[in-house]
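>>> sequence and predicted structure below; questions after.
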Amino acid sequence: MVGLRKEVMEERTLRWSQTFIPTLKEDPAEAQVPSHRLMVRAGLVRQLVAGAYTYLPLGFRALQKAIRIVREEMDRAGALEILMPAIHPAELWQQTGRFADYGDTLMKVRDRKGALLVLGPTHEEVITDLVRHHINSYRQLPVIFYQIQTKFRDEPRPRFGVLRTREFLMKDAYSFDVDVTHLNQSYDRMYQAYCRIFDRCGLKYVVVEAESGPIGGEASHEFMVLADTGEDALVECERCRYAANLERAEIGARSASVPGPSDSPLRKVHTPGRTTIEQVSAFLQCLPQQMIKTLIYLADGAPVAVLVRGDHEVNEHKLRRALGAARLELADADTIARVTAAPVGFAGPIGLPVKLYADRAVMLVTDGVSGANEADYHLVGVQPGRDFQPDWIGDLRIACDGDACPRCVGALRLRRGIEIGHVFKLGTKYSARLGAHYLDEKGQEHPMVMGCYGIGINRILAALIETSHDDQGIIWSVSLAPYQVLVLPLNVANAELMQTAERIYRELEQQGIEVLLDDRDARAGFKFHDADLLGLPLRVVVGEKALQRGEVELKWRHHRASFTVPVEQAARRAAEEIRRALEHLM
RNA sequence: CGGGGCGUAGCUCAGCUUGGCGAGAGCGCCUGGUUUGGGACCAGGAGGUCGCAGGUUCGAAUCCUGUCGCCCCGACCA
């Protein structure tokens, strides 16, 4: 009885005809990026509503593979797995101020008593609440908790299939330490674990410096998979290892060009109704690079002027740091009119009654053009240093392709990427606000120093597919593939051929290899196409011609060529190939 | 939140401008037969509240209003 049952279950797992793999010949209309298209076509996922997907058997298996790798490496790094609730009391979020910060992205529900609950988009509040109640001595630290759990974010715009969804699986970990030195150790441990995880997944990734918040320095790193379809912009130095999220990217101080002395006289010109860089540069026949863009910001309510070159954009993170401001926003039209004595579009640095913050590139402009702080007038022949002197000069702009690397003599290259992981030094933000304190050896109370570490599990799959596919379909890495080997008998009506195929897959099963047997009664071409679409790493074809010679055909999905092996060696050889490929990823 | 597109069979879509008999095609699905190394062929068949609600009309997939959903661009995104 038990034996029979086991056999039945095995067959349900292994035989194509007994599982559920709804492949599609045509592209689904709504899929825009390769990973989305292929995940739907290969029968991995189906959408229920915008930003929520069902994982079908094949997709779920791949997801489990990713989860397993993440779990093994987190355990190895000494993190403790727990499972926190998805529903949180809103009060907890109000206590840290994030109820307001998150705004509409927070999913909210009311229970039958009318109490407001939050569906957790992340768990800093919940874990800190747990720790404040149960950990209170330095003897209990350090500790790192993690969970793999569904997160909810009411994204303004879910998109790209599984890449940006409203409900997704996340591995989130939280470290608690006695001080920053120990936090750094926990951080490094997680960082290393992340490298191992993504290496094992077979992903090619770049670690970039990211916006770091309160601690500063290299307090945050994102793990990015480079892909043109990625949502995040980043820069990478073409010479050294410097890489950063575009939000964060510093720009080297050395000048791109040596400024020549300018003797052009300052002159006021009539520019009726020309308010934008494009309009003014077209009207005056000058280059946007000659223009000095003057933006009025409100830093904690006080107006300041920010100068960047016409073809550059202000990086508000850098500006906020330079100003030391907690709140920063572009000034409204009324403030601009009051500060510049002109309507929006005619601001310039000369004669402004507020402090001037200039990006370095502005100081290299010669024969510049700026607003005249007078309606319908601009100034030409502007010479920074001669005609105005900023109160502060430094790096204030968003990096561009080709900008100088801040670490070496190389140039920065603009890239796009998919964020698959993020490690972050939180400091005491949550522990202080929620009262997660510990007593040191002298009996003194301190807030714990925290770090948090996230991995988007679904994105691991999407990122892999996004960067590993061809016209025919997915090309799985051995470690994430839902099955490692596909056994493909070409004619199921041929009993001898079928028996051979079944024997090979049973032998592979016994060797601990994950096998799918395509036992469908379909034509060879049809099955080959589905095989390529599914993209399982190794394919074993059992066909009549080769079988007459006592051979079967093995083919790696990522190779063009196949090779034949004697039937009796097929399973052993296939298993060997898989094991070797897996070791290669470890 | 601003702008745009689309909702017709399981999937991809035609039909709508100019309302009119029984609402279509390809793929998929079911039955039978012939086939079997790169998405076969023949014969037969099942399958649709035309997103939903209201309106105009003798008559609405088609016109009008509202509404919901999905997709795209932008804004936003610890």
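Perfect, I can see it now.

>>> what secondary structure does the closest residue to A:E250 other than its chain neighbours sit in?
Nearest residue to A:E250, sequence neighbours excluded (Cβ to Cβ, 6 or more residues apart in numbering): A:P406, at 3.9 Å. Where you see a C-beta, it was placed from the backbone N, CA and C, and this is true even at glycine. Classification of A:P406 by DSSP: H, G, I helix; E, B strand; the rest coil places it in coil.

>>> which residues touch the residue in the stretch 301-450 of chain A positioned nearest to RNA strand B?
Residue nearest to RNA strand B within the stretch 301-450 of chain A: A:H422 (5.0 Å; Cβ to the nearest atom of the strand). By Cβ atoms under 8 Å, 6 or more residues apart in numbering, the residues touching A:H422 are A:210, A:220-223, A:453-454.

>>> and with 7 Å instead?
For A:H422, the contact set (Cβ atoms under 7 Å, 6 or more residues apart in numbering) comprises A:210, A:222, A:454.

>>> right, and the first one touches A:R248 too?
Yes - under the criterion of Cβ atoms under 7 Å, A:A210 lies in contact with A:R248, with a separation of 5.5 Å.

>>> look at A:E236 and say how many residues are nearby.
By the measure other Cβ atoms under 10 Å, the count of residues near A:E236 is 21.

>>> show me what the strand or helix carrying it packs onto, helices and strands only.
Secondary structure assignment for A:E236, by DSSP states H and E: strand A:232-237. If you count contacts as 3 or more Cβ pairs under 7 Å, 6 or more residues apart in numbering; DSSP states H and E, strand A:232-237 packs onto strand A:243-245, strand A:412-427.

>>> what residues of the last one count as buried?
Just to be clear, that refers to strand A:412-427. Across strand A:412-427, burial judged by 16 or more other Cβ atoms under 10 Å covers A:412, A:415, A:417-427.

>>> that older thread, so which of the contacts of A:H422 are in strands?
Among the contacts of A:H422, the residues falling in strands (DSSP state E) are A:222, A:454.

>>> what's the mean pLDDT across the strand holding A:E236?
Throughout strand A:232-237, pLDDT has a mean value of 94.

>>> same question, stretch A:247-266
Mean predicted lDDT for stretch A:247-266 stands at 76.

>>> repeat for stretch A:123-131
Stretch A:123-131 carries an average pLDDT of 96.

>>> for it, the distance to its chain's centre please.
Relative to the centre of its chain, stretch A:123-131 is centred 24 Å away, using Cα atoms, centre = their mean, to the nearest Å.

>>> does that stretch reach RNA strand B?
No - judged by Cβ under 7 Å from any atom of the strand, stretch A:123-131 stays clear of RNA strand B, getting no closer than 8.4 Å.

>>> what's in contact with that stretch?
For stretch A:123-131, contacts defined as Cβ under 7 Å, 6+ apart pick out A:84, A:88, A:92-93, A:96, A:120, A:145, A:172, A:174, A:176, A:430-431, A:434, A:436, A:448, A:452.

>>> inside strands: which ones of those residues?
A:88, A:145, A:172, A:174, A:176, A:452.

>>> against RNA strand B, how distant is the first one?
Right, A:H88. Distance of A:H88 to RNA strand B, computed by Cβ to the nearest atom of the strand, to the nearest Å: 14 Å.

>>> number of nearby residues for A:R320?
So A:R320, with other Cβ under 10 Å, has 15 neighbours.

>>> so A:L298 is in which element?
According to DSSP H and E, A:L298 maps onto strand A:292-299.

>>> just checking: what are the partner strands of whichever helix or strand comes after that strand?
Following strand A:292-299 in sequence order, the next helix or strand is strand A:302-309 (DSSP H and E). Strands that pair with strand A:302-309, judged by DSSP bridges, come out as strand A:292-299 (antiparallel), strand A:356-359 (parallel).

>>> right, is the following helix or strand past strand A:302-309 up against RNA strand B?
For strand A:302-309, the following helix or strand on the C-terminal side (DSSP H and E) is helix A:316-323. No - figure legend: helix A:316-323 not in contact with RNA strand B (Cβ under 7 Å from any atom of the strand); closest approach 8.4 Å.

>>> buried ones in helix A:316-323?
Buried residues in helix A:316-323 (16+ other Cβ under 10 Å): A:316-319, A:322-323.

>>> so what does A:G345 look like in phi/psi?
Dihedral pair for A:G345: phi 110, psi 0, per degrees, to the nearest 10.

>>> so who does it touch?
Shown in contact with A:G345 (Cβ under 7 Å, 6+ apart): A:275-276.

>>> lowest-pLDDT helix or strand in chain A?
helix A:2-14 (a mean of 51; mean pLDDT, DSSP states H and E).

>>> residues in contact with A:D403?
Counted by Cβ under 7 Å, 6+ apart, A:D403 has contacts A:251, A:411-412.

>>> thinking again about what came up before, any idea which of the helices and strands packed on strand A:232-237 gets closest to A:L183?
Among those, strand A:412-427 comes nearest to A:L183, with 6.0 Å by Cβ to Cβ.

>>> relative to strand A:232-237, how tilted is the closest one?
110 degrees (axes from the mean of the first three to the mean of the last three Cα atoms, to 10 degrees).

>>> would you mind measuring from the residue positioned nearest the centre of chain A to A:E250?
When chain A is reduced to its mean C-alpha position, the nearest residue by Cα atoms, centre = their mean turns out to be A:E419, at 0.9 Å. According to Cβ to Cβ, to the nearest Å, A:E419 and A:E250 sit 19 Å apart.

>>> ditto for A:S35
31 Å.

>>> hang on, A:Y55 packs against A:L63?
Yes - with contact defined as Cβ under 7 Å, A:Y55 counts as touching A:L63 (5.6 Å).
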